[in-house]
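>>> From the sequence below, what's the structure:
(one chain, ligands or ions: 1)
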Amino acid sequence: MIAPARASVRFYAELNDHLAPDRRYRTLEKEFFVPPSVKDVIESFGIPHTEVELVLVNGESSDFSRLVQNGDRVAVYPVFESLDITPELRVRPEALREPRFALDVHLGRLAAYLRMLGFDAEYRSNSSDAELVRISVEQERILLTRYRGLLKHSAVARGYWLRQADSRRQATEVVSRFDLARSLRPFTRCMACNERLHPISNAEAHERVPPAIAARHEEFRECPACRRVYWEGSHYQRMRRWIAELTLSNQAGQDAR
Ligand SMILES: [Zn+2]
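Next up is the predicted model:
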């Protein structure tokens with residue numbers, strides 16, 4: 001019998017979210033007979049490669065395709081979009097300046113929240129996994145999902161596995177994770193179809209909204225795609241409070257770093 005080769009693997013910070021509690025924050029062992037790639041080793045622990053920013057093998061920056069050898073020490077660090085990692089060390093393309101998202105079919109409510117905050121969030125209730133991967137790659141969108149398997153497609157360069165299950169908490173998570181508190185453009189995008197809203201005249205709005213609404217509001221916007229008319233109703237006021245909290249708590253978090 002041949003003894004397998006062994007490498008030690010250590011995952012840092014939030015990457016431990018993916019591991020069972022008894023395996024977190026420890027040096028783990030990977031056994032193999034044929035040298036696997038760094039990407040295969042990482043994903044064999046259930047961690048999508050899109051969660052990874054930096055890999056060191058024996059202390060040297062490495063890319064995903066490097067083959068792991070007997071006795072190698074592999075250190076795997078999570079994506080730090082907001083921290084300053086030397087560009088040469090990155091294994092992924094540069095962080096997106098104006099993040100755009102593609103959401104899997106279970107995230108309709110999150111899509112509406114992200115659009116309400118002003119972010120470009122592509123979502124269809126019937127996209128296949130292959131379509132989602134293609135849209136994310138071709139349109140340089142960050143793929144958001146609660147399903148790790150989707151992020152393991154090698155084509156996916158930018159993706160994020162959502163920790164939260166509740167849609168409003170997910171929106172908070174996305175804003176915090178991608179440092180978006182300063183990029184919010186609330187109420188500028190249609191929550192139903194992701195298009196940017198255009199202002200319309202009061203005269204035009206008055207023909208299209210109930211008289212009681214027309215009498216109480218001065219500013220109206222319209223979605224060019226579905227022609228829905230938006231105004232600052234009670235829903236808007238409630239959401240304003242949530243957005244104010246979101247901005248404050250995120251900025252407090254940044255100041256503390
Ligand atoms: Zn619309």
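>>> quick one: contacts for whatever residue of the stretch 51-200 of the chain ends up closest to the ion?
Closest contact between the stretch 51-200 of the chain and the ion, by C-beta to the ion, is at residue 190 (3.2 Å). Glycine gets a C-beta too; all of them are placed from N, C-alpha and C. Applying C-beta atoms under 8 Å, 6 or more residues apart in numbering to residue 190 gives the contacts 115, 196, 197, 223, 225, 226, 228, 230.
>>> From the residues you listed, pick the one nearest residue 249.
Proximity of these to residue 249 was ranked by C-beta to C-beta; the top entry is residue 115 with 20.9 Å.
>>> Does the closest one touch residue 186 like I think?
No: checked against C-beta atoms under 8 Å, the pair residue 115 and residue 186 is beyond contact range at 10.1 Å.
>>> So for the two, which residue has more residues nearby?
Using other C-beta atoms under 10 Å as the criterion, residue 115 and residue 186 rank with residue 115 on top: 24 against 16.
>>> The more buried one belongs to a strand?
No: under DSSP: H, G, I helix; E, B strand; the rest coil, residue 115 falls outside any strand and is assigned helix.
>>> Next, the contact list for it, please.
Each residue near residue 115 by C-beta under 8 Å, 6+ apart is listed here: 121, 189, 190, 191, 194.
>>> Kindly report the same for residue 75.
Residues in contact with residue 75 (C-beta under 8 Å, 6+ apart) are 10, 12, 55, 56, 57, 59.
>>> before we move on, the earlier item: report the buried members of the contacts of residue 115.
Burial by neighbour count, judged by 16 or more other C-beta atoms under 10 Å, picks out 121, 189, 190, 191, 194 from the contacts of residue 115.
>>> out of those residues, who's nearest residue 156?
Residue 156 has its nearest neighbour among these in residue 121, at 16.9 Å by C-beta to C-beta.
>>> where does the protein dip in pLDDT?
By pLDDT under 70, the weakly predicted segments of the chain are 1, 80-97, 250-257.
>>> and the residue nearest to the spatial centre of the chain, which of the three is it?
Centroid-nearest residue in the chain: residue 160, 4.1 Å away (criterion: C-alpha atoms, centre = their mean). Using three-state DSSP, the structure places residue 160 in strand.
>>> how far away is residue 172 from residue 185?
With distances taken as C-beta to C-beta, to the nearest Å, residue 172 is found 17 Å from residue 185.
>>> okay, these two: which has more neighbours?
Each of residue 172 and residue 185 has its neighbours counted (other C-beta under 10 Å); residue 172 has more, 17 against 11.
>>> so the more buried one makes contact with residue 246?
Yes: taking C-beta under 8 Å as the definition, residue 172 is a contact partner of residue 246 at 6.0 Å.
>>> can you give me the strands for the protein?
Listed in chain order, the strands of the chain (DSSP state E) span residues 5-11, 27-32, 52-57, 60-62, 73-78, 101-103, 121-122, 142-145, 159-161, 198-200, 220-222, 229-230.
>>> Next, format the ones you listed as JSON lines and append distance to the ion.
JSON lines is the format used below for the strands of the chain (distance: least, C-beta to the ion, whole Å):
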{"stretch": "strand 5-11", "distance to the ion": "42"}
{"stretch": "strand 27-32", "distance to the ion": "48"}
{"stretch": "strand 52-57", "distance to the ion": "36"}
{"stretch": "strand 60-62", "distance to the ion": "45"}
{"stretch": "strand 73-78", "distance to the ion": "36"}
{"stretch": "strand 101-103", "distance to the ion": "16"}
{"stretch": "strand 121-122", "distance to the ion": "13"}
{"stretch": "strand 142-145", "distance to the ion": "20"}
{"stretch": "strand 159-161", "distance to the ion": "25"}
{"stretch": "strand 198-200", "distance to the ion": "11"}
{"stretch": "strand 220-222", "distance to the ion": "9"}
{"stretch": "strand 229-230", "distance to the ion": "9"}
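>>> so which of those gets nearest residue 177?
The closest of these to residue 177 is strand 159-161. By C-beta to C-beta, the value is 6.6 Å.
>>> Just the residues contacting the closest one, thanks.
Contacts for strand 159-161 (C-beta under 8 Å, 6+ apart): 18, 48, 50-51, 79, 136, 142-146, 148, 150-151, 174, 177-178.
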